[in-house]
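Student: here is a sequence with its predicted model. Questions after.
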Amino acid sequence: MQINAIKSGYGTDCANIATQKNQAEFAQKLKQAAQLQAGQQTEQQQEKLKAVCKDMETVFINYLLTQMRKTVPESSLLGQSNQQKIMESMLDSEMAKEMSTAGGIGLADMIYRQLTLNYQQTNKDQVVK
């Protein structure tokens, strides 16, 4: 049985592949860092921020509907059972979600614009320092 030595080119090829992979990863991270320093957000970050702003609008609309419902006087004819209160609460929550999905009251857009401006301003201030 004969065992041949490992060719020296094989190790060099593996090292070259690893180096190229590391360089590609480094270039990608450098590009992302440059975008962040320029005050640009990645699309994934923008989508997350939009979703959070829409959720905040949903919470606000839900609170608004709940407070509006409290202003309606209770009927003495049927009374107000716990089941009915729970059902109205769930109805308000679902209506708030649907209203927000359908365009809402514009609060999500305003929050998004404000947070984006704050993010860009913060990055510009950090670059200047």
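Tutor: Structure's in. What do you need?

Student: quick one, helices of this structure?
Tutor: Using DSSP state H, the helices found in the chain span residues 8-37, 43-70, 82-101, 107-128.

Student: so who does Q80 touch?
Tutor: Contacts for Q80 (C-beta atoms under 8 Å, 6 or more residues apart in numbering) come out as E74. (Each C-beta comes from the backbone N, C-alpha and C, glycine too.)

Student: for it, grab phi and psi.
Tutor: phi -140, psi 110 (degrees, to the nearest 10).

Student: can you pull the pLDDT of it?
Tutor: With respect to pLDDT, Q80 has a value of 74.

Student: what distance do you get for it to Q45?
Tutor: 45 Å (C-beta to C-beta, to the nearest Å).

Student: and what of I111?
Tutor: 15 Å.

Student: which of these two has more neighbours?
Tutor: I111 (18 against 13; other C-beta atoms under 10 Å).

Student: contacting residues around the closest residue to the more buried one other than its chain neighbours?
Tutor: Sequence neighbours aside, C53 is the residue nearest to I111 in space, at 4.4 Å (criterion: C-beta to C-beta, 6 or more residues apart in numbering). With contact set as C-beta under 8 Å, 6+ apart, C53 has these partners: L107, A108, D109, I111, Y112, L115.

Student: could you rerun that using 7 Å?
Tutor: Applying C-beta atoms under 7 Å, 6 or more residues apart in numbering, we find C53 in contact with A108, I111, Y112.

Student: how far away is the second one from T66?
Tutor: So that's I111. 20 Å.

Student: from L77, how far off is Q28?
Tutor: 68 Å.

Student: between these two, who's got more neighbours?
Tutor: Q28 (10 against 5).

Student: point out where the protein drops to low pLDDT.
Tutor: Flagging of the chain using pLDDT under 70 yields the residue ranges 1-19, 21-22, 26-27, 29-41, 78, 120-129.

Student: now L64. Nearest residue, chain neighbours left out?
Tutor: A96 (7.9 Å).

Student: number of residues surrounding that neighbour?
Tutor: 21.

Student: ok, now which ones touch it?
Tutor: T58, I61, N62, L65.
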